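Participant: here is a sequence with its predicted model. Questions after.
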Amino acid sequence: MEDAVIVSVARTPIGKAFRGMFNDTEAPALGGHVVRAALERAGVAPADVDDVLIGCAAQQGTQGYNI
């Protein structure tokens with residue numbers, strides 16, 4: 001990679017920790033949806049991506065130590 005660029009951003013939905021709709025959904029699964037959505041919005045092919053940076057502002061449940 002020669003140049004770093006931000007081509008798109010996306011976020012996961014917000015739910016109630018331990019009680020909400022995504023209670024049993026692990027963080028990597030939600031992250032996969034986020035990456036896919038960002039690529040689709042930007043019109044970028046997955047093969048063209050060298051690195052992805054993902055952050056987590058408020059870790060809850062199963063994602064607590066995984067992101």
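Facilitator: All right, it came through fine.
Participant: going forward, measure contacts and count neighbours with C-alpha atoms only.
Facilitator: Fine.
Participant: just for the chain, where's the confidence low?
Facilitator: When residues are selected by pLDDT under 70, those of the chain lie in 1, 17, 58-67.
Participant: which phi and psi does the residue nearest the centre of it have?
Facilitator: With distances taken as Cα atoms, centre = their mean, Gly31 lies nearest the centre of the chain, 3.1 Å away. As for Gly31, its main-chain torsions (degrees, to the nearest 10) stand at phi -60, psi -40.
Participant: and the closest residue to it other than its chain neighbours, how many neighbours?
Facilitator: Closest residue to Gly31 apart from its sequence neighbours, by Cα to Cα, 6 or more residues apart in numbering: Thr12 at 7.4 Å. For Thr12, the count of nearby residues is 13 (other Cα atoms under 10 Å).
Participant: so Thr12 makes contact with Ala29?
Facilitator: No. Between Thr12 and Ala29 there is no contact under Cα atoms under 8 Å: 10.3 Å.
Participant: circling back to that earlier point, for Asp48, see how far away the residue nearest to Gly31 is.
Facilitator: 23 Å (Cα to Cα, to the nearest Å).
Participant: burial measure for Asp24, as a count.
Facilitator: Neighbours around Asp24, by other Cα under 10 Å: 11.
Participant: ugh, typo on my part, it should be Arg11
Facilitator: 15.
Participant: what's the answer for Leu39, then?
Facilitator: Neighbours around Leu39, by other Cα under 10 Å: 19.
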